[in-house]
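> Need coordinates for the following:
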Amino acid sequence: MLVMNNINLQKLSKNAQFTVTTGYTKSEIARLCGVTKAYVQLWFKDEVYEVPPKFCTILELKTQIPCETWNPKVFTKEWSDFRNGR
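You can find the predicted model right below:
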């Protein structure tokens, strides 16, 4: 069972899990990316988050959270291995 800071993440919605995991709200993500909160909410449609790749790199630079966290469908383990020179 995945527990972070005494919070059972599996009992939270996907959106709430994302906020707890990254430490950023949608409003904060919007501010960092220079877009509206409404636009960011589109990334969280149907309980699945998909941050557009161009914003993943911005967020990684500003938060030190890797692109793989922001969009694991695009930035896969292979991307991580490539970036880390493996």
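
> Only C-alpha atoms from now on, for both contacts and neighbour counts.
Fine.

> And the strands in this structure, which stretches?
3-4, 7-8 (DSSP state E).

> pLDDT averaged over the last one - what is it?
In this case it means strand 7-8. Averaged across strand 7-8, pLDDT comes to 62.

> Settle this for me: Thr57 is touching Cys67, isn't it.
Yes. Counting by C-alpha atoms under 8 Å, Thr57 does reach Cys67; the two are 6.2 Å apart.

> Neighbour count: the two, which is higher?
Cys67 (23 against 18; other C-alpha atoms under 10 Å).

> Now for that one: which residues touch it?
Pro53, Cys56, Thr57, Leu59, Glu60, Phe75 (C-alpha atoms under 8 Å, 6 or more residues apart in numbering).

> Could you dump those into TSV and include pLDDT and distance to Gly23?
Formatted as TSV, the contacts of Cys67 follow (pLDDT from 0 to 100; distance: C-alpha to C-alpha, whole Å):
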residue	pLDDT	distance to Gly23
Pro53	93	19
Cys56	92	15
Thr57	91	17
Leu59	93	12
Glu60	91	13
Phe75	88	20
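
> Put the buried members of these into a ChimeraX selection.
In ChimeraX, this line selects whichever of the contacts of Cys67 come out buried by 16 or more other C-alpha atoms under 10 Å:
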select :53,56,57,59,75
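
> Quick check: the farthest pair among the contacts of Cys67?
Greatest spatial distance in the contacts of Cys67: Leu59 and Phe75, 13.2 Å, computed using C-alpha to C-alpha.

> residues contacting the most centrally placed residue in the chain?
Using C-alpha atoms, centre = their mean, the residue of the chain that lies closest to the mean C-alpha position is Trp70, 2.9 Å off. By C-alpha under 8 Å, 6+ apart, Trp70 lies in contact with Glu50, Val51, Cys56, Leu59.

> rerun that using 7 Å as the cut-off
Val51, Cys56 (C-alpha atoms under 7 Å, 6 or more residues apart in numbering).

> Now do Val35 against Gln17, distance only.
The gap separating Val35 from Gln17 is 22 Å, by C-alpha to C-alpha, to the nearest Å.
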